[in-house]
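S.K.: Here is a sequence together with a model predicted from it:
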Amino acid sequence: MKLFDVYSLFDVTPVKAKGCRIWDSNGIEYLDMYGGHAVISVGHSHPLYIHALESQLEKIGFYSNSVQNNLQKELAQKLGEASGYPDYSLFLDNSGAESNENGMRLREGGVFEVPR
């Protein structure tokens, strides 16, 4: 199997990153100004980001939305306060497909069950 040809690709293979710089497989250094999809804006290998990831991964890396998750509750509260919408509800998911599926399950006034 091969990767689906979705985008035109640059002939660059990043192998190392630090801060706002990346290095390719030929040792060429680039200023990384790519602000594309699935990226974070703290830079590569930021020490606080690495520490936060390591600290969480030592406890648990992932678990389903089907159980209590205090980190999600804390995030929802902080996002509500920061956005000025503290009384709104938040659903955290992993992809646009999940967002669309759950969006279709919503209706004004609450959630409805999908027949099984």
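M.R.: Received, thanks.

S.K.: where along the chain do the strands fall?
M.R.: 14-18, 21-24, 29-31, 106-107, 110-111 (DSSP state E).

S.K.: Can you pull the domain assignment for the chain?
M.R.: Per automatic domain parsing, the structural domains of the chain span 10-61, 63-109.

S.K.: can you list those domains in TSV and add mean neighbour count?
M.R.: C-beta: built from backbone N, CA, C; applies to glycine. Formatted as TSV, the domains of the chain follow (neighbours: other Cβ atoms under 10 Å):
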stretch	mean neighbour count
domain 10-61	11
domain 63-109	10
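
S.K.: Which of those domains comes out lowest on mean pLDDT?
M.R.: For the domains of the chain, mean pLDDT drops lowest on domain 63-109, to a mean of 84.

S.K.: Give me the distance from it to the chain's centre.
M.R.: 13 Å (Cα atoms, centre = their mean, to the nearest Å).
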